[in-house]
Every structure is written in structure tokens, then in C-alpha cells.
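*Asks:* coords please:
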Amino acid sequence: MTATGRTIRDESELRAILGSPSELVAGKVADRLNGLTRQFIERSPFVCIATARPDGGLDVSPRGDPSGFVRILDERTLLLPERPGNKLADTLTNILADERVALLFLIPGVGDSFRVNGRAVVVQDEELLAASAVAGKVPALGILVTVEEAFTQCSKALIRSDLWNPERHVDRSDLPSSGEILRAISDPQLDPEEYDRERAERYARGDGLY
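*Replies:* Okay, the predicted model is just below:
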């Protein structure tokens, strides 16, 4: 399908349609956490981290663990543990090339989300990461984020999507399995049932999870 509408080229055209935010909304961005906003991070078990690829592309990756897994070291510093995964390490290699990151925190059942923009480095520090251990396993690496912008995001998107309503949840079996997707994309000879079975066993053992 080809778009046939008028393309918006600059912000003045955009504002003519959308209008401008109020002074209160425009001034909501802080350069650090405070006693109120830090609670969104402390109660969140899930965050998406966006990074920029060296080739100019973009990447966004989910991270999840028990609530508070993103540790607040001080009002300007966060620490994300890096758990074992598929070893692609897109987020980490991107940070090595471009330290800019953006974080979106979600809390189950809560409409508001919380956003942090800043700069990050990859750290290897067993003492620093010791408090991020899960099931006795200390992560080998962490992402240390310096907060530059911190602000809440209104709940309209989550309300409209009805994201937290269990009656709207989709049964995983209604969607293609990971093995089926992998076979379609990269390996026509892959046995998807065997792949998914091995993957489930690996996760049951905790391999690639913590």
C-alpha cells in the first residue's frame, strides 16, 4: 500500500495540527530521580532499553527480573544486570559504539510508565554486581546508566491497549513458535518441535535465564 496523504515536513506543520503542550507538561522532565519518581523503577519488573547501532540502525531490547532488578545507585545512576541470553549482545555492542540509551519502565497493572534517557557504559565489577545476584548467580556484566532525563509517561497508551486486562491476553499457542519462526527465517531444515523442546528444557534448568 502506498501512502497518498500529505507528508508533514517540519515541526511548525506538526504543531498546527497537534497544538503545543502546556507549560506544566513541557516542564515535567527532570535530570535526576527523586523520592517519588524512583518508586517507578523500584517497583518495575520490566524495562525496554533502546540503543543505536554503529551502522545507523536502532535496537530495542526487553529486560525483566524481580521488581527492583534495575538498581538505583544514586539519584543520577542506575545499574542494569546483564543476564545470559542468546549471545548476540546487540545492546552491549551498541553501547560500546554509542553510549546513548533510552529506558521505558512498566509496572503490571499500572497505566503510567516511566522513562529515562541517558548515557551508559558496560561494566565488569563483581563487587558492584553482587547485589544483583539471582538464585545465587552474580551477573558477569552490567549496564551503568547516567540519568540525563527522567519523566513519567501518561497512561493513555496502556488504557487504549487494555494491556493489563487478562481477558484480552492472547494464548501463546495461537502464535508461531520460536522454532517455526527460526526455520522460516534462517534454517529451512530446522525441526521446530525439537528446537522448542530443547529451548524449554534449557530455560527450565535456568540456562540462558540467569
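
*Asks:* ok, residue 188 - how many residues close by?
*Replies:* Counted by other Cβ atoms under 10 Å, the residues lying close to residue 188 total 7. For glycine as for every other residue, the C-beta is placed from the backbone atoms N, C-alpha and C.

*Asks:* er, residue 51 actually
*Replies:* Using other Cβ under 10 Å, the number of residues around residue 51 comes to 24.

*Asks:* And the one 3 residues further on, by the same measure?
*Replies:* A total of 10 residues lie near residue 54 under the criterion other Cβ under 10 Å.

*Asks:* Quick check: chain neighbours aside, which residue is closest to residue 104?
*Replies:* Distances taken as Cβ to Cβ, 6 or more residues apart in numbering put residue 48 closest to residue 104, at 4.6 Å, once the chain neighbours are dropped.

*Asks:* Where does the one you found sit, in terms of helix or strand?
*Replies:* Element membership of residue 48 [criterion: DSSP states H and E] is strand 46-52.

*Asks:* okay, that strand in PDB with CA atoms only?
*Replies:* What follows is strand 46-52 as a C-alpha-only set of coordinates in PDB (Å, rounded to 0.1, in the frame of the first residue of the first chain):
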ATOM      1  CA  PHE A  46      10.300  -5.000  33.200                       C
ATOM      2  CA  VAL A  47      12.100  -2.400  31.200                       C
ATOM      3  CA  CYS A  48      12.800  -1.900  27.500                       C
ATOM      4  CA  ILE A  49      16.200  -0.400  26.600                       C
ATOM      5  CA  ALA A  50      16.800   1.400  23.300                       C
ATOM      6  CA  THR A  51      20.200   1.800  21.700                       C
ATOM      7  CA  ALA A  52      21.700   2.900  18.400                       C
END
